[in-house]
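Enquirer: give me coordinates for this.
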Amino acid sequence: MRRIGTLSDKDAAETFGDYLLTQDIQSQVDQAGDEWTIWVHDEDCVEAAKQELETFRSDPQAEKYRKAVVEADRIRHEKVQAAIAVKKSQIDLTRQWNKPLIAQIPVTFTLVVLSVIVTLGTQFGTKYDAFGGQISMVPDMTREGEYTKYPANYRELPGVTKGQVWRLITPAFVHFDPLHLILDMYWLVLFGGMIERVRGRRTIILLFLLTAVVGNVTQLYLKGPAFGGMSGVDAGLFGYLWITGQMDPDSGLALPQHLVFIMLAFLVLAATTNLMGPIANGAHFGGLFAGMAMAAVSASWKRLR
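Expert: Numbering: from 1, shown residues only. Sure thing, here's the model as predicted:
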């Protein structure tokens, strides 16, 4: 902090301090005997503040200084409100983290429970008649040894067109072996939990529905209805976090660069090699682009407001 000069009148000194604030120069006014000393906090602003002080001395009644008093009050009020908001959010976040996991991320937790129930109920995706045959993307699917039979008109979504709209999302709950289930649930809790804690239940529900539907429909049209898993949704949640972190860095949602690299590398390897076995790439990329699109729209809307 540097002393830049003095003024003999308290009101004049405070008015000049208000003017400096409107110029984004942090200052302090202290009494020193019969005079008032002006201090500037930032060393880089000292010379500019000295020049402003000389200009002020030549015409302290100028219109811009009277206006500065009102503007400075507004700036101080906004800073107080911002500090209150930050403190409130810190308190709310502390309370949130002190809750049990099921209370912190109830939607994400419910998706995990449903995945476990459906996966076990379908005997890891081998019993298409489980749950009344209502889980698969299209009706009348059967398993014969290593092969799966399904209607020839599957691209017409025969079940959905008859009102069974849940079939658009239910394949996401089916997993084909324990490792598949564990990995998908890990990423769901990691990504979904982050989003639900910051953006709330409505956002995670909308994201799940959007990424599941887009990913499942994409996979259906590319490879047929014999697929399942939450990985398309996981890719969508990743895409949402990635783009939100880029377009809205103050959102509190961001991923470390090494994790972004790992996820993108996995998606590319899964799509271009057979190292990971049969992979629902359509669901992955459909979900990924859906999540990215929702993040871009959300961030753009926030800027426009």
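Enquirer: now the end-to-end length of stretch 118-132.
Expert: Taking C-alpha to C-alpha, to the nearest Å, stretch 118-132 runs 12 Å from one end to the other.
Enquirer: show me where the stretch 51-200 of the chain has its strands.
Expert: Using DSSP state E, counting those that start in this stretch, the strands of the stretch 51-200 of the chain run over 142-144, 147-149.
Enquirer: average pLDDT across stretch 283-298?
Expert: Mean per-residue pLDDT for stretch 283-298: 96.
Enquirer: off-centre distance for that stretch?
Expert: Centre-to-centre, stretch 283-298 and its host chain are 12 Å apart (C-alpha atoms, centre = their mean, to the nearest Å).
Enquirer: below-threshold pLDDT in the stretch 51-200 of the chain: ranges please.
Expert: 86-98 (pLDDT under 70).
Enquirer: mind listing the helices for it?
Expert: Using DSSP state H, counting those that start in this stretch, the helices of the stretch 51-200 of the chain run over residues 63-98, 101-104, 106-121, 178-187, 193-199.
Enquirer: same check on the stretch 201-305 of the chain?
Expert: 201-223, 231-247, 257-272, 281-304.
Enquirer: that older thread, now the strands of the stretch 51-200 of the chain in CSV, with distance to residue 229 and mean neighbour count?
Expert: All C-beta atoms are positioned from the backbone trio N, CA, C, and that covers glycine. Shown next, in CSV, are the strands of the stretch 51-200 of the chain (distance: least, C-beta to C-beta, whole Å; neighbours: other C-beta atoms under 10 Å):
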stretch, distance to residue 229, mean neighbour count
strand 142-144, 17, 12
strand 147-149, 15, 12
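Enquirer: count of neighbours near the nearest residue to residue 119 once chain neighbours are set aside?
Expert: Once flanking residues are discounted, residue 119 sits nearest to residue 175: 4.4 Å by C-beta to C-beta, 6 or more residues apart in numbering. For residue 175, the count of nearby residues is 25 (other C-beta atoms under 10 Å).
Enquirer: how far away is residue 100 from residue 160?
Expert: 37 Å (C-beta to C-beta, to the nearest Å).
Enquirer: which of the two has more residues huddled nearby?
Expert: Neighbour totals were compared for residue 100 and residue 160, and residue 160 leads with 16 against 7 (other C-beta under 10 Å).
Enquirer: what's the closest residue to that one other than its chain neighbours in contact with, if anything?
Expert: Spatial nearest neighbour of residue 160, chain neighbours left out: residue 167 (5.5 Å); criterion: C-beta to C-beta, 6+ apart. By C-beta atoms under 8 Å, 6 or more residues apart in numbering, residue 167 lies in contact with 134-139, 157, 159-160.
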